[in-house]
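[1] Need coordinates for the following:
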Amino acid sequence: MPEVPGPSRAATLMVSSPGELAAASREDVRRARAAAAELAARGGRRRDEADLELYDAAFGLLADAGARASLCRSVHPSEEMRAAAEACEQEVEAAHAELSLDPALYRALGEVDVAGADPATRWLVERGLRDFRRSGVDRDPATRERVRALREELVRLGQAFGRAIKDDVRTVRLEPSELEGLPEDWRRARPPGEDGRVAVTTDPTDYQPALTYSRSASVRERLWRAYRTRAHPANTEVLAGILGRRAELARLLGYPSWAAYATEDKMIGSDVAAADFVERVSKAAEARMRLDCEELLAFKRRDLPGATRVDPWDAAYYSERVKAERYGAEAQAVRPYLEYAAVRDGLLALTGRLFGIEYRRVAGAPAWHPDVEAFDVLGAGERLGRIWLDMHPRPGKYKHFAQFTLVNGQRDRKVPEGVLVCNFPRPGAEPALLEHGDVKTFLHELGHLLHHVLGGRTRWGTQAGVATEWDFVEAPSQLLEEWVWNEEALGGFARHHRTGEPVPGELLRRLRAADEFGKGLQVRQQMFYAAVSLELHRRDPAGLDAGRLADELYERYTPFRAVEGTHFLESFGHLDGYSALYYTYMWSLAIAKDLFGVFEREGLFSPAAIRYRREVLEPGGSARADELVRAFLGRAHGFEAFARWLNAA
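    A predicted model of the protein is given here:
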């Protein structure tokens with residue numbers, strides 16, 4: 001086995017000083033500009049792939065610098081380092097806007113003769129020219145300057161939006177008696193404070209169990225309201241600024257709305273098609289949602305005979321009640337079998353088995369926090385990449401679950417490095433027990449990480465990893481979720497943390513059956529997110545009451561009433577990164593269900609996984625997503641598998 005190499009430059013910078021981080025970012029920007037200047041100056045001759053090397057290097061340097069800064073801003077425990085990373089991110093975006101608006105670079109790329117080139121190289125040029133045009137490179141100088149300024153403003157506003165969400169952790173103090181129904185290990189890990197009460201926060205490790213298990217409707221409501229008022233009023237004006245500047249930018253680039261601009265280069269092709277997709281899925285799920293709600297209301301009436309509706313803070317609690325009684329599948333029953341460290345090791349072993357890789361822990365790797373672990377990914381003895389696991393909550397850290405890039409890979413030049421950023425319970429005096437849904441989330445995000453690593457050996461660095469169309473990037477992760485229901489997949493690690501007994505297969509089967517309940521409600525909730533994401537960006541922001549629009553869509557797509565005094569949009573973090581594109585989760589899921597049909601036929605541990613790795617994951621963004629899917633399926637993807645899933649049971 002080869003020796004573990006020393007730390008990468010990017011990893012070292014994550015444990016450096018703010019000054020060193022800033023200096024490295026400026027150096028990457030300088031090198032990117034130098035490569036771009038050389039490309040623009042190489043005129044007067046037939047252009048060839050040497051010019052593409054310069055183009056790829058320039059934008060690849062900026063991609064790496066921007067990814068490193070984004071990660072540092074999101075996870076570093078030092079406020080000074082986070083602030084420095086924010087400034088780096090702004091500088092990188094300014095340089096990216098500058099290069100993407102440079103007509104000389106646009107002309108140079110267009111002059112490269114790729115008639116005899118391989119498909120990946122032709123796609124590099126085609127996509128690059130399209131992106132130049134979408135940046136506004138062919139507009140007049142005054143327009144280009146305004147576009148550049150708007151892009152820089154949007155970076156700053158997006159950072160402020162995310163910072164307000166990350167930093168605003170609300171706390172509800174509860175009497176111990178109000179914790180009835182919550183798991184015993186959860187309660188032991190949260191002893192009362194000096195005032196005799198227990199602090200329960202809006203962080204996921206507190207909030208989700210409380211909403212699911214607390215028997216007190218008052219507790220659930222107070223926490224739900226606290227969660228829905230995070231980042232208010234800090235993000236009120238910030239969100240208005242984001243919507244206004246996006247709309248102006250779209251108009252300058254010749255589009256009627258930001259939604260039209262944002263969807264044009266995706267698989268779906270247009271905002272009209274995206275809106276049609278949202279409606280198609282919503283209608284398909286409507287009848288099932290009604291049945292779900294009738295069942296929830298029937299259970300609520302056992303507690304409150306006169307109840308006429310289910311409130312949003314009731315949904316998770318009564319869904320759990322239905323699953324426990326109707327299916328004998330109480331979620332708490334599986335928690336003792338899902339201890340964090342065992343789950344981590346088990347999922348690494350599972351994905352290693354599927355894709356023919358192995359993970360080797362890297363001792364002493366430079367990490368930005370003691371919680372962070374590093375593993376090298378190897379295939380046939382060759383080092384394919386490095387992954388970092390930053391898995392537990394702490395102050396100042398990103399609050400949700402995501403894969404971040406540390407280094408973008410490139411064949412024979414750079415080894416990809418990616419980071420899993422999650423907020424699972426931290427092992428301590430009490431074992432860190434997970435929900436089955438946590439295991440699903442872990443595997444989902446690990447899917448992104450593997451896409452980044454296994455797709456990190458493309459010829460062109462800007463095509464490496466998760467560089468496909470945005471509405472495909474969730475599909476590989478959603479496909480991988482299917483394995484959390486397989487007894488063989490979980491059997492190796494889902495063991496009782498005290499007795500070592502494997503999780504009973506019957507319990508898994510009951511959980512699987514129970515998972516069918518609530519599907520209509522869940523899909524419609526997702527369609528609310530998709531609709532609000534899309535419609536906020538299809539309408540003129542001048543005079544738009546965004547909160548009122550969100551309330552109207554909430555009541556249209558979900559069975560719940562809007563709740564006065566809450567401000568959901570201001571903590572809806574996807575409005576920053578995804579903007580109008582939240583529909584992509586369901587679009588990707590439809591593709592994932594189609595892809596999974598191959599494994600249903602051939603077996604979950606069949607050679608199909610290696611073929612999938614080769615034809616879908618390893619190409620990264622070197623081909624259009626529909627071409628990757630067609631290569632694996634042997635046909636175009638369709639909606640039928642998704643419809644069968646939605647209507648199952």
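[2] Now do the helices in the stretch 101-250 of the chain.
    Along the stretch 101-250 of the chain, counting by DSSP state H, counting those that start in this stretch, helices occupy 103-110, 119-135, 141-167, 184-188, 204-213, 217-227, 234-252.
[3] Turn these into CSV, including mean neighbour count, mean pLDDT and distance to residue 307.
    Any C-beta I mention is one placed from the backbone N, CA and C, and that applies to glycine too. Listed next are these as CSV, based on neighbours: other C-beta atoms under 10 Å; pLDDT from 0 to 100; distance: least, C-beta to C-beta, whole Å:
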stretch, mean neighbour count, mean pLDDT, distance to residue 307
helix 103-110, 18, 95, 62
helix 119-135, 17, 98, 51
helix 141-167, 18, 96, 33
helix 184-188, 15, 93, 27
helix 204-213, 21, 95, 18
helix 217-227, 19, 97, 10
helix 234-252, 19, 98, 34
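[4] got TSV for these, with distance to residue 50 too?
    Formatted as TSV, those follow (distance: least, C-beta to C-beta, whole Å):
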stretch	distance to residue 50
helix 103-110	11
helix 119-135	12
helix 141-167	27
helix 184-188	60
helix 204-213	49
helix 217-227	54
helix 234-252	34
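[5] Between the ones you listed, which one is closest to residue 445.
    For residue 445, the closest of the helices of the stretch 101-250 of the chain is helix 204-213, at 13.0 Å, according to C-beta to C-beta.
[6] So which elements touch the closest one?
    strand 198-201, helix 217-227, helix 315-327 (3 or more C-beta pairs under 8 Å, 6 or more residues apart in numbering; DSSP states H and E).
[7] Need the residue closest to the centroid of the chain.
    By C-alpha atoms, centre = their mean, the chain has its centre lying nearest to residue 402, at 4.6 Å.
[8] For that residue, give the beta-bridge partners.
    Counting by DSSP bridges, residue 402 forms beta bridges with residue 421.
[9] picking that back up, right, and the helices of the stretch 101-250 of the chain - which one's nearest residue 531?
    The minimum distance between residue 531 and those falls on helix 234-252, with 15.5 Å, by C-beta to C-beta.
[10] What is the subsequent helix or strand relative to the closest one?
    Sequence-wise, the next helix or strand downstream of helix 234-252 (DSSP states H and E) is helix 258-264.
[11] In CSV, could you pull the C-alpha coordinates for that next one?
    The C-alpha trace of helix 258-264 is given here as CSV (Å, rounded to 0.1, in the frame of the first residue of the first chain):
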residue,chain,number,x,y,z
TRP,A,258,-34.2,35.3,-13.0
ALA,A,259,-36.1,32.1,-13.1
ALA,A,260,-36.0,32.1,-16.9
TYR,A,261,-32.3,32.8,-16.7
ALA,A,262,-31.5,30.2,-14.1
THR,A,263,-33.4,27.3,-15.7
GLU,A,264,-32.2,27.9,-19.3
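[12] With only the CA atoms kept, save the longest strand along the chain in CSV.
    As assigned by DSSP state E, the longest strand anywhere in the chain is strand 382-390. Presented in CSV, the C-alpha positions along strand 382-390 are these (Å, rounded to 0.1, in the frame of the first residue of the first chain):
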residue,chain,number,x,y,z
GLU,A,382,-4.2,3.8,-6.2
ARG,A,383,-5.1,6.9,-4.2
LEU,A,384,-8.3,8.4,-5.8
GLY,A,385,-9.0,11.2,-3.4
ARG,A,386,-9.3,12.3,0.2
ILE,A,387,-12.6,12.9,2.1
TRP,A,388,-13.0,14.9,5.3
LEU,A,389,-15.9,14.3,7.8
ASP,A,390,-17.0,17.3,9.8
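[13] What's the mean pLDDT across it?
    What strand 382-390 shows for mean pLDDT is 97.
[14] How about stretch 356-372?
    On average, stretch 356-372 scores 96.
[15] hmm, back to that, I'd like the helices and strands packed on helix 204-213 written out as TSV, with distance to residue 294 added.
    Below are these laid out as TSV (distance: least, C-beta to C-beta, whole Å):
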stretch	distance to residue 294
strand 198-201	31
helix 217-227	19
helix 315-327	11
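[16] Those: which one's closest to residue 636?
    The minimum distance between residue 636 and the helices and strands packed on helix 204-213 falls on helix 315-327, with 35.5 Å, by C-beta to C-beta.
[17] What residues of the host helix or strand of residue 12 count as buried?
    Following DSSP H and E, one finds residue 12 within helix 9-14. Within helix 9-14, the residues that count as buried by 16 or more other C-beta atoms under 10 Å are 10-11, 13-14.
[18] before we move on, what about stretch 170-183?
    The neighbour-count check on stretch 170-183 (16+ other C-beta under 10 Å) flags 170, 172, 174, 178-179, 181-183 as buried.
[19] how long is that stretch end to end?
    Taking C-alpha to C-alpha, to the nearest Å, stretch 170-183 runs 21 Å from one end to the other.
[20] Quick one: neighbours of residue 586, just the number.
    23 (other C-beta atoms under 10 Å).
[21] Contacts for stretch 102-115, please.
    Contacts with stretch 102-115, where a contact means C-beta atoms under 8 Å, 6 or more residues apart in numbering, come from 36, 39-40, 42-43, 46-49, 51-52, 55, 58, 99, 121-122, 125, 128-129, 132-133, 137-138.
[22] try 7 Å
    Here stretch 102-115 makes contact (C-beta atoms under 7 Å, 6 or more residues apart in numbering) with 36, 39-40, 46-48, 51-52, 55, 99, 121-122, 125, 128-129, 132, 137.
[23] Also stretch 571-587?
    158, 161-162, 165, 230-231, 239, 246, 258-259, 262-263, 268, 274, 277-278, 281, 400, 470-471, 474, 526, 529-530, 533-534, 537, 569.
[24] Quick check: PyMOL command selecting the buried ones in these.
    The buried residues among the contacts of stretch 571-587 can be selected in PyMOL (16+ other C-beta under 10 Å) with this line:
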select buried, resi 158+161+162+165+230+231+239+246+258+259+262+263+268+274+277+278+281+470+471+474+526+529+530+533+534+537+569
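[25] so what's residue 541 closest to, chain neighbours aside?
    Nearest non-adjacent residue to residue 541, counting by C-beta to C-beta, 6 or more residues apart in numbering: residue 243, 4.2 Å away.
[26] which residues touch the one you found?
    Shown in contact with residue 243 (C-beta under 7 Å, 6+ apart): 536, 541, 546.
[27] Next: residue 369.
    Per C-beta under 7 Å, 6+ apart, neighbours of residue 369: 77, 390.
[28] my read is it is in a helix, agree?
    No. Counting by DSSP: H, G, I helix; E, B strand; the rest coil, residue 369 is located in no helix; its state is coil.
[29] Could you pull up phi and psi at it?
    Dihedral pair for residue 369: phi -150, psi 150, per degrees, to the nearest 10.
[30] now residue 406
    Main-chain dihedrals, residue 406, degrees, to the nearest 10: phi -100, psi -40.
[31] Could you count how many residues lie near it?
    Residues lying near residue 406 (other C-beta under 10 Å) number 24.
[32] right, and it touches residue 416 too?
    No. Applying C-beta atoms under 7 Å as the test, residue 406 and residue 416 come out as separate, 8.4 Å apart.
[33] the helices in the stretch 301-450 of the chain, which residues?
    In the stretch 301-450 of the chain, the helices defined using DSSP H, counting those that start in this stretch lie at 315-327, 340-355, 436-454.
[34] Identify the residues contacting the spatially closest residue to residue 474 that is not a sequence neighbour.
    Once flanking residues are discounted, residue 474 sits nearest to residue 588: 3.6 Å by C-beta to C-beta, 6+ apart. Taking C-beta under 7 Å, 6+ apart, we find residue 588 in contact with 471-472, 474-475, 478.
[35] correct me, but residue 201 touches residue 169?
    Yes. Counting by C-beta under 7 Å, residue 201 does reach residue 169; the two are 5.3 Å apart.
[36] domain parsing for the chain?
    Listed domain ranges for the chain are 9-100+102-135, 169-227, 255-327+518-649, 336-515 (source: automatic domain parsing).
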